[in-house]
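Trainee: fold the stuff below for me.
(chains A and B)
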Number of protein chains: 2
Amino acid sequence: MTDRYASFVRSAAGRTLVKRLGLPDPPRLRRHTPGDPLLPGPALLGAATGGRLAEPVGALLTTAGVEVRDPAAAGVEVRDPAAGPADGGRVGALVYDATGVTDSTALRQLYDFFHPYARSVLPGGRVVVLGTPPEECATPREATAQRAIEGLTRSIGKEFGRGVTAQLVYVTPDGDDSTRTGLESTLRFLLSGRSAYVSGQVLRVGTGRVSAPADWDRPLDGQVTLVTGAARGIGAALARLLARDGARVVALDVPAAGDALAEVANEIGGTAVQLDLTAPDAPDRLARHLADRHGRVDVVVHNAGITRDKTLGRMDPDRWDQVIDVNLSSQERINDVLLERELIGDGGRIVAVSSIAGIAGNRGQTNYATSKAGVIGLVRSTAPVLGGRGISLNAVAPGFIETRLTARIPLVVREAGRRMNSMAQGGLPVDVAETIGWLAWPASGALRGNIVRVCGQSLLGA
Amino acid sequence: MTDRYASFVRSAAGRTLVKRLGLPDPPRLRRHTPGDPLLPGPALLGAATGGRLAEPVGALLTTAGVEVRDPAAAGVEVRDPAAGPADGGRVGALVYDATGVTDSTALRQLYDFFHPYARSVLPGGRVVVLGTPPEECATPREATAQRAIEGLTRSIGKEFGRGVTAQLVYVTPDGDDSTRTGLESTLRFLLSGRSAYVSGQVLRVGTGRVSAPADWDRPLDGQVTLVTGAARGIGAALARLLARDGARVVALDVPAAGDALAEVANEIGGTAVQLDLTAPDAPDRLARHLADRHGRVDVVVHNAGITRDKTLGRMDPDRWDQVIDVNLSSQERINDVLLERELIGDGGRIVAVSSIAGIAGNRGQTNYATSKAGVIGLVRSTAPVLGGRGISLNAVAPGFIETRLTARIPLVVREAGRRMNSMAQGGLPVDVAETIGWLAWPASGALRGNIVRVCGQSLLGA
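Mentor: Purely as a prediction, here's the structure:
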């Protein structure tokens, strides 16, 4: 679980070697502690001519305690790109409203905004570009220009380094109040240390059932939240984080993991449910437990997952069946029962866990990749249906995360997996947990059908 | 342009070293020569219960001269996975109709088909799975299962090695005769050596304006085809290949490349047009040339593209403007004029060239990645509009291709780019040309809005 290389490169000798040999230079990521300000410095907020979001976003950031600066105003140093780094006048974030860009020739405005400040972003800073979903644009020309921005933000994510993340957020032009709350929830996540290991992502904010929290530091206050696979790894980190953020956690895992599960549940004052999700009566038993103890469930996180790696020619049928059943089919069965019995209803949140392997495929993981690609299909196909019932469904897709599982990978493969991303390091379980937590917020209901990678902008993809 | 490592590993000493050290082992790819059979061996054709495509595909393959075998019948050796390779009873392709899979629990049928034959595919063989587009499925459960298959095919592409490619082809369930021709065109491309460097792709066959060729070895017979950027590299290879396949080529490039352009045009009996596409009068001049000389254009290939790499902070505005204009905006202007004057009409084909950088983003290429992501946006947003006029619009996205440009990349970066794909080697300009050519066929009109990567299933992605 320890990344000795990352510790080494932060030593004096390590720093010298990294510079001389051009070795990967993993920055210390800015992670969230309750009470932290959203950003390590002011946000520079710009907009293309005719943009519709700069004004509401400016107001929203100011309310959130962010010092918002105008690129035309004084006080932000335009760094000479040839000069070395300095601290005076640097910014915590570059936020740009690109919704006014309706033609490829107008993309130049993004260059004009980012070029002078490309070297002025503090370590752990943030780049967020706001656009209009190409599929909701008025003309093909506008859709083309809006889609082009994805190339810019993904390149910035690979270029800026030092733990700076870059994202593109498409905001529906046909929004309502829920869109505004969803945009606030999204910016509070993306600008904060909660999104430390999320970069190069494209998110969509639409409409949905939302409610803003009384306290943004307890965004899940009172929410009854089921976490499957909660005894260890990402699931245990998630249970702890959800409790920190105010949720009432129902922690579920297989009976064999009962002791570890009880420990997690006791630590956070949650309840523990020992259940094999693949058992025929599991959905019914789970539904009855939730009905009896809580009368409902507000948030369901399908985190339970297994790997049974073998190349296809050497894989016995049990390895195939188990992985598909635990990682995919059981999610479908449980959703069906909870929906049918109306245990999850208006304002409900379902978050599924996919994987980078479900996006890119992986050698030796035909079963796992199939199940995790299926989770993407589940989210894309079911989210519109559930949206009609006021329930949001999204997924996270973790990349290389430092857990018991990845610690077992042979050294060279592990090092490649760790370094081949814009952060030059593996993520921590808490990074996945923060992302799941955000999607579960009552404020995040305008996010539906998103697949959010938590991979440090891994080079791997489809 | 030469890949010395690939030559080395094919020597006796090289083979030994590769085995001992676990070095990348680039296979010799099976490329197309006119008159070649589609496959190096028989095709094993299987289907999930209730599949709607196995029968037409079986007939279609037989007509194309492929020996089709049933997995239940004798004659195909089920290889003991522990045994080494042997030639007896191996197959040229595994083709599976998965359209009958309507639930994740039924995915097991894919395992049952592929598991016993995973080691029975000849080098340079093919894996093709046919499915239903998730967005056209009758239920979320079906959409989930169909989407899951993408994880399987991408993993197979990474696992099988030896130049075997793997693709997923989604075929509309609401098809007509054009769908069948489109499926034939797609299978003839995917099974043949034309698709040597295309793997891990997901394609969609719908409906459109098609006509099957009199001779599948001259699939572009008589088609007036414009190629921009035709003087060198991919464009020159493309002009030659299109001529080989029967097209009447109009080769276009900037005046400065006039000599090289004339050489290409003369060699293939095409015409040469010297034109700077970014000039204000370029669309008009081009349209007049096509009208005067040919009265029409059947196929337009937007291949012209430039790079002007710099990190964003060091990039001067000209580098931004030129790249966006040449690679993206000029395509939009030319399309508009050709459509407006009805020089390209019913049955027309437009193929644009995007890039892996437009999908994944790239350090030092904010301008290039933006332009190439824009090309994806152009295709996605404009294809439905043009479809109504009987015109198909698709794009290819090359990965690492051995050209003058990539030869200039520093050795270590170049080696990483070359090897980080399922073929462990860079592609050749002809591989991109074959893919563009196929999308331009009159038989390929049922393919609309596809982005086809030609990258050997590069690890890089979004």
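Trainee: how long is stretch A:278-287 end to end?
Mentor: Taking C-alpha to C-alpha, to the nearest Å, stretch A:278-287 runs 14 Å from one end to the other.
Trainee: beyond the helix-or-strand element of chain A with minimal mean pLDDT, next helix or strand please.
Mentor: Using mean pLDDT, DSSP states H and E, the weakest-scoring helix or strand in chain A turns out to be helix A:12-21, at a mean of 77. Following helix A:12-21 in sequence order, the next helix or strand is strand A:43-47 (DSSP states H and E).
Trainee: would you list every one of the strands in the stretch 1-150 of chain A?
Mentor: For the stretch 1-150 of chain A, strands defined by DSSP state E, counting those that start in this stretch occupy the ranges A:43-47, A:68-69, A:91-97, A:121-131.
Trainee: can you give me phi and psi for residue A:206?
Mentor: phi -120, psi -120 (degrees, to the nearest 10).
Trainee: so which elements touch the least confident helix or strand of chain A?
Mentor: Packed against helix A:12-21 by the contact rule (3 or more C-beta pairs under 8 Å, 6 or more residues apart in numbering or on different chains; DSSP states H and E) you find helix A:4-9. All C-beta atoms are positioned from the backbone trio N, CA, C, and that covers glycine.
Trainee: now the helix it packs on: mean pLDDT?
Mentor: Averaged across helix A:4-9, the pLDDT comes to 80.
Trainee: which parts of it are buried?
Mentor: A:5, A:6, A:9 (16 or more other C-beta atoms under 10 Å in any protein chain shown).
Trainee: grab the nearest non-local neighbour of the closest residue to chain B within the stretch 1-150 of chain A.
Mentor: In the stretch 1-150 of chain A, the residue found nearest to chain B is residue A:147; the distance is 2.5 Å by C-beta to the nearest C-beta. Spatially, and ignoring its direct neighbours in sequence, residue A:147 is nearest to residue B:377 (2.5 Å; C-beta to C-beta, 6 or more residues apart in numbering or on different chains).
Trainee: returning to what we had before: now the least confident helix or strand of chain A: buried residues?
Mentor: Buried, per 16+ other C-beta under 10 Å, within helix A:12-21: A:14, A:18.
Trainee: list the contacts of it.
Mentor: Here helix A:12-21 makes contact (C-beta atoms under 8 Å, 6 or more residues apart in numbering or on different chains) with A:8, A:9, A:23, A:24, A:25.
Trainee: now do the same end-to-end measure for stretch A:395-412.
Mentor: 30 Å.
Trainee: what do you get for stretch A:405-413?
Mentor: Stretch A:405-413: ends 13 Å apart by C-alpha to C-alpha.
Trainee: re the thing from before, contacting residues around the residue of the stretch 1-150 of chain A closest to chain B?
Mentor: Residue A:147 sits in contact with A:134, B:373, B:374, B:376, B:377, B:378, B:380, B:381, where contact means C-beta under 8 Å, 6+ apart.
Trainee: just the residues you listed: which are in helices?
Mentor: Cross-referencing these against helices under DSSP state H gives B:373, B:374, B:376, B:377, B:378, B:380, B:381.
Trainee: CSV for those residues, including pLDDT, distance to residue B:265 and neighbour count?
Mentor: Output for the ones in helices among the contacts of residue A:147, formatted as CSV (pLDDT from 0 to 100; distance: C-beta to C-beta, whole Å; neighbours: other C-beta atoms under 10 Å in any protein chain shown):
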residue, pLDDT, distance to residue B:265, neighbour count
B:373, 98, 32, 31
B:374, 98, 29, 31
B:376, 98, 30, 24
B:377, 98, 32, 27
B:378, 98, 27, 28
B:380, 98, 33, 20
B:381, 98, 33, 23
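Trainee: what sits against residue A:254?
Mentor: A:231, A:274, A:275, A:276, A:277.
Trainee: what helix or strand is the closest residue in space to residue A:277 that isn't next to it in sequence located in?
Mentor: Among residues not flanking residue A:277 along the chain, residue A:330 sits closest, at 4.3 Å (C-beta to C-beta, 6+ apart). Using DSSP H and E, residue A:330 falls within helix A:330-340.
Trainee: I'd like the next helix or strand past that helix.
Mentor: Helix A:330-340 is succeeded, C-terminally, by strand A:349-353 (DSSP H and E).
Trainee: for that following strand, which helices and strands make contact with it?
Mentor: So strand A:349-353, by 3+ C-beta pairs under 8 Å, 6+ apart, packs with strand A:299-302, helix A:366-387, strand A:392-398, helix A:429-440.
Trainee: circling back to that earlier point, can you check the contacts of residue A:254 and name whichever has the most neighbours?
Mentor: Neighbour tally across the contacts of residue A:254 (other C-beta atoms under 10 Å in any protein chain shown): the maximum, 25 neighbours, falls on residue A:231.
Trainee: hmm, that residue is touching residue A:261, no?
Mentor: Yes: using C-beta atoms under 8 Å, residue A:231 makes contact with residue A:261 at a distance of 4.1 Å.
Trainee: look up how far chain B lies from residue A:306.
Mentor: 15 Å (C-beta to the nearest C-beta, to the nearest Å).
Trainee: would you agree that residue falls within a strand?
Mentor: No: with DSSP: H, G, I helix; E, B strand; the rest coil as the criterion, residue A:306 is coil rather than part of a strand.
Trainee: could you tell me which residues of the stretch 251-400 of chain A lie near chain B?
Mentor: A:311-315, A:317, A:320-321, A:324-325, A:328-329, A:332, A:357-374, A:376-378, A:380-382, A:385 (C-beta under 8 Å from any C-beta of the partner chain).
Trainee: how about the stretch 51-200 of chain A?
Mentor: Counting by C-beta under 8 Å from any C-beta, the stretch 51-200 of chain A sits next to chain B at A:79, A:81, A:104-105, A:107-108, A:110-112, A:114-115, A:118-119, A:134, A:137, A:140-141, A:143-159, A:200.
Trainee: and residue A:76, what's its pLDDT?
Mentor: 55.
Trainee: burial count for the closest residue to residue A:135 other than its chain neighbours?
Mentor: Spatial nearest neighbour of residue A:135, chain neighbours left out: residue A:143 (7.2 Å); criterion: C-beta to C-beta, 6+ apart. Number of residues near residue A:143 (other C-beta under 10 Å) recorded here: 23.
Trainee: likewise for residue A:404?
Mentor: Using other C-beta under 10 Å, residue A:404 is surrounded by 10 other residues.
Trainee: is it true that it touches residue A:235?
Mentor: No: at 11.6 Å, residue A:404 and residue A:235 do not qualify as touching, with contact defined as C-beta under 8 Å.
Trainee: surely residue A:119 is in contact with residue B:315?
Mentor: No: with contact defined as C-beta under 8 Å, residue A:119 does not reach residue B:315; the gap is 11.9 Å.
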